[in-house]
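Colleague: Test case, fold it:
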Amino acid sequence: MSEGAMIEVVGDGGDGKGRRLVATRNIREGVTLLMEEPISHATRIDFRLKRCEWCLSSKQPIKRCSKCKLIGYCSRNCQVAAWKAYHKHECKCMVGLPKRLERLPATALIAGRIILAGLSSGTDAKLPEISKSSPMEKGLAKVGKKAKIRDISLLDTLWEKKATERKMYYAQQAMTLMNYLKPAIASLTSAPTANNMAALLSLLDANSYVITDPEMDSIACGVYSVLSMINHSCSPNAIVMFRNKTGQLRTVKSIKKGEEICVSYLDLISTPRERRRNLLECQCSRCAIFFHEKKIKMSADESMDEKLSKLLEGKEKSLEKVKSSLEAAKLGPSDSKRALSLSRQALSEAKAVCGPYHAYVIRAYKQIWKQAMYASEMEISWEYGRKTLPLLEFVYNSPNPVYAADILFHARVCWYLQKVEEALEYYKKAAKVLKITHGEEDKMTKECHERICVAQAEIAAKAQALQ
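Modeller: Now for the predicted structure:
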């Protein structure tokens, strides 16, 4: 138990949400509650060899492992640390890996590293079983600001809640994972079973975080002991930010003593159906308010999905078409002109069937805004930034790191176009949100303060010149 801890892990409240984190005192917004290193992590496919596999730094050059050549490190220290932790066994598995397996997803690498870390330490990894849930009373304690708990067995697989199709997927992936790990585990007398592998993949699917950089680009995945116990809310009072691989839990609202601390697992620019699909029966206040405002009454034997179908009756095909159009427009910077055209088409389709604050409308606006910048259509980007930001403010409704990065994005566009007064306005807005979400010492917050000073000086100089 840590003296002065602001949060504690408490047991199952009987609502099916399992363990949760609660505040042990009143806490203001913008406070870092917890910093935690991952149990295991791995870079996402597109960032392999662009980020250090051990510390996730972008410091160049990233030097490949001389044997497997599939992952790299920013320094000798990181390479040695990874080698001792798991890579001396992992490297055997990667050497001679078939081309089809070279792009193993981050979750598969994490699962492998959890198992191989046990070999490196000379102890068996505490792997989950399909038939067992993690004991809900295990490991309950107050948690200090720097959490040092690193135990995968504290987390639940949620196997019994998974759909049959998903379980079959885990079983298939488990066989692939066993084949991949064969060079390292073949000689073990008590090698992990396919059931262990499937349960581990289910656990990682339920408990892993997407690790982002300060600009909110997804660079890796990781699983954490304490951070992974935090429950979801579509109206969160906290966020998880990352400094390379270190997870930081920060408050975005004032929290009262005894109040549960929740984060959002999903992009908040999503429809109620999308949230339901990913979160099963989400009971947070935002989802409850949605059904209350739509005056959708539930019968005892009617599910939320059935009610959503009633609400969307006659529009489902049109909405699916809009969603497909939005996905088709995600072509990235390399084909930005075409992406911009497709996004405009998607916006027209969305406006024809959706209200002004529908997730699909907001996504279309945001795609046009960003793709216009990639296409060097800066005036269009500026125009759509002004249209999009009020919609995002409505959706997020509290300090959010994605929203902070978006405000800063628009401020930079204004600055590029020499719209100094407007740039100053948005740098100030970005700084206000970034102070809460990223902290005063973050480089993006510092950028805002520097640009605010420069903009104010330019505006003052112009005013003086006109006198």
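
Colleague: Please name the residues that touch the residue nearest the centre of the chain.
Modeller: Of all residues in the chain, the one closest to the mean position by C-alpha atoms, centre = their mean is Val210, 3.9 Å from it. By C-beta atoms under 8 Å, 6 or more residues apart in numbering, the residues touching Val210 are Ser218, Ala220, Cys221. For glycine as for every other residue, the C-beta is placed from the backbone atoms N, C-alpha and C.

Colleague: export those to a markdown table and tack on distance to Glu8, neighbour count and secondary structure?
Modeller: A markdown table is the format used below for the contacts of Val210 (distance: C-beta to C-beta, whole Å; neighbours: other C-beta atoms under 10 Å; DSSP: H, G, I helix; E, B strand; the rest coil):
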| residue | distance to Glu8 | neighbour count | secondary structure |
| --- | --- | --- | --- |
| Ser218 | 30 | 13 | strand |
| Ala220 | 28 | 26 | strand |
| Cys221 | 27 | 21 | strand |
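
Colleague: hey, C-alpha coordinates of stretch 25-35 in CSV?
Modeller: Extracted in CSV, the C-alpha atoms of stretch 25-35 (Å, rounded to 0.1, in the frame of the first residue of the first chain):
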residue,chain,number,x,y,z
ARG,A,25,-9.7,11.9,-2.3
ASN,A,26,-11.1,14.9,-4.2
ILE,A,27,-8.9,15.4,-7.3
ARG,A,28,-8.9,18.4,-9.7
GLU,A,29,-8.6,18.2,-13.5
GLY,A,30,-5.1,18.0,-15.1
VAL,A,31,-3.6,15.8,-12.4
THR,A,32,-1.4,12.8,-13.2
LEU,A,33,-2.7,9.9,-11.1
LEU,A,34,-0.5,7.1,-12.2
MET,A,35,2.5,6.3,-14.3
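
Colleague: List the buried residues for it?
Modeller: Neighbour counts over stretch 25-35 (16 or more other C-beta atoms under 10 Å) mark Ile27, Glu29, Gly30, Val31, Leu33, Leu34, Met35 as buried.

Colleague: Same question for stretch 75-88.
Modeller: Buried-residue list, stretch 75-88, by 16+ other C-beta under 10 Å: Cys78, Gln79, Ala82, Trp83, Ala85, Tyr86, His87.

Colleague: Give me the nearest residue to the last one, chain neighbours excluded.
Modeller: This means His87. Cys65 (7.1 Å; C-beta to C-beta, 6 or more residues apart in numbering).

Colleague: can you check the first one too?
Modeller: Take Cys78 and drop its neighbours on the chain: the residue closest to it by C-beta to C-beta, 6+ apart is Trp54, 3.8 Å away.

Colleague: So Lys257 lies in a strand, does it not?
Modeller: No - Lys257 is assigned coil when assessed by DSSP: H, G, I helix; E, B strand; the rest coil, not a strand.

Colleague: Verify the stated contact: it with Thr24.
Modeller: Yes - using C-beta atoms under 8 Å, Lys257 makes contact with Thr24 at a distance of 6.6 Å.

Colleague: which of those two has more neighbours?
Modeller: Thr24 (15 against 11; other C-beta atoms under 10 Å).

Colleague: Look up how far Glu160 lies from that one.
Modeller: With distances taken as C-beta to C-beta, to the nearest Å, Thr24 is found 32 Å from Glu160.

Colleague: And for Asp46?
Modeller: From Asp46 over to Glu160 (counting by C-beta to C-beta), the distance is 34 Å.

Colleague: Just to be sure, Met35 is in a helix?
Modeller: No - secondary structure of Met35 (three-state DSSP): strand, not part of a helix.

Colleague: Could you report the distance from it to Pro399?
Modeller: 19 Å.

Colleague: Tyr384 too?
Modeller: 23 Å.

Colleague: do the same with Cys68
Modeller: 42 Å.
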